[in-house]
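Enquirer: Need coordinates for the below:
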Amino acid sequence: MEKDCDKLTKAQKITVIVTIGVVFLGLLLQLLVRTWYSSDIRYERGTYYKLKEGAVVSCKLRNFGHKTANSIRVSVKFNSNISDVQIAPFTKYIILSGKIGEKELVIEIERIVPSSQVTIFYATQNLQEEPFIEKIEYDDNIAKTGKPVLWFLLLVLFGYALTPFLFRFILYKRLDKKIDEFYKNIEEAVNLAYSIKEKGLDEEELDEKFALKFKNVTFRIKSLKRIAVTVLDNLKRRG
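Expert: Numbering: from 1, shown residues only. The predicted model follows:
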C-alpha cells in the first residue's frame, strides 16, 4: 500500500485530498442541517434563596434549536420535601411521578417553542448543596447544560482549511490545460514556419500568418512567435 501511495503524482494526491475534503464537507453540511432543524433544550440550575420557612431554587430551560420541543419531562430529587412548584412565565404542567409534599418529583411540560425559555421554581423545606436535577428528557432526547456548539463556526473553519487545497487543485487543472494547449500551439508554430519556407515567403509573411493563426491565443504568445521565427531562420540557413 505504501508503494502505491509513493507512485501517486502530485496532481493525484491533490485530487485525493480534495475528494476526501468534499465528502467530509458534505457530511458536515448534513449534520449542520439536522442540528439546525431540531430542538435543543439546555438547562441551567439557579441558586438557592433562603426564605423564612424553607428555601427556593430554580431550573431554567431554554430551547436553542429551531424546532418546538415536546413532552419535556423534568425529574428532580431533594433532601427535603417539596412544598410547591411554579413555572414562569405561567406554563401548565402535569405530574408524572411523585407529588407535592415528597422529595422526588417528575413533571411534564407540553412544549417549549424555539428561542424561548421557562424557569421552574421549587420550594423546599431545607437548602441543598448537591445537584437536585436527576434528568431532563424531551422528544426522545436528553437535555444538556451549557450553550450548544455553533456548527456553522466549524463549517467556516473547515472551509477555511480546505480552501487552499481547492485553490491549488483548480489552479493546477487550469495550468495543466494551458500547458497542453501550449504544446499543441508549438507544433502548429513549427509547421507554420515549414510552410512559409516551402512557399518561399519571408518573415513579414510569417508575421501576418502567425497573427491570423494565433489571434485567440494569449498564453505565452511571444514564446510561440520566437519559436516560429527561430525555426524559419534555421531552415533558411540550411538552404
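Enquirer: Kindly report the domain assignment for this structure.
Expert: What automatic domain parsing lists as the domains of the chain is 41-147, 175-238.
Enquirer: Figure out how far the shortest one is from the centre of its chain.
Expert: Between the mean C-alpha point of domain 175-238 and the mean C-alpha point of its chain there is a distance of 49 Å (Cα atoms, centre = their mean, to the nearest Å).
Enquirer: sorry, back to before: looking at the domains of the chain, which one has the lowest mean pLDDT?
Expert: Among the domains of the chain, domain 175-238 carries the lowest mean pLDDT, at a mean of 76.
Enquirer: Just put the domains of the chain in CSV and tack on mean neighbour count.
Expert: In this view, the C-beta of every residue, glycine as well, is placed from N, C-alpha and C. Shown next, in CSV, are the domains of the chain (neighbours: other Cβ atoms under 10 Å):
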stretch, mean neighbour count
domain 41-147, 15
domain 175-238, 14
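Enquirer: got the end-to-end distance for stretch 91-101?
Expert: Using Cα to Cα, to the nearest Å, the end-to-end distance of stretch 91-101 comes out at 21 Å.
Enquirer: if we look at it, which residues are touching it?
Expert: 73, 75, 81-85, 87, 104-110, 118 (Cβ atoms under 8 Å, 6 or more residues apart in numbering).
Enquirer: mind checking the SS state of the closest residue to residue 106 other than its chain neighbours?
Expert: Distance criterion Cβ to Cβ, 6 or more residues apart in numbering; nearest residue to residue 106, sequence neighbours excluded, is residue 97 at 3.8 Å. With DSSP: H, G, I helix; E, B strand; the rest coil as the basis, residue 97 sits in strand.
Enquirer: Which parts of this protein are strands?
Expert: For the chain, strands defined by DSSP state E occupy the ranges 41-45, 49-50, 55-63, 69-77, 82-88, 93-98, 104-112, 117-124, 133-138, 141-142, 144-145.
Enquirer: Using a markdown table, lay out those together with distance to residue 224.
Expert: A markdown table is the format used below for the strands of the chain (distance: least, Cβ to Cβ, whole Å):
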| stretch | distance to residue 224 |
| --- | --- |
| strand 41-45 | 66 |
| strand 49-50 | 86 |
| strand 55-63 | 66 |
| strand 69-77 | 68 |
| strand 82-88 | 80 |
| strand 93-98 | 82 |
| strand 104-112 | 71 |
| strand 117-124 | 71 |
| strand 133-138 | 70 |
| strand 141-142 | 67 |
| strand 144-145 | 66 |
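Enquirer: Look up how far residue 232 lies from the residue found closest to residue 236 once you drop the neighbours it is linked to in the chain.
Expert: Among residues not flanking residue 236 along the chain, residue 197 sits closest, at 6.8 Å (Cβ to Cβ, 6+ apart). To residue 232, residue 197 is 6 Å away according to Cβ to Cβ, to the nearest Å.
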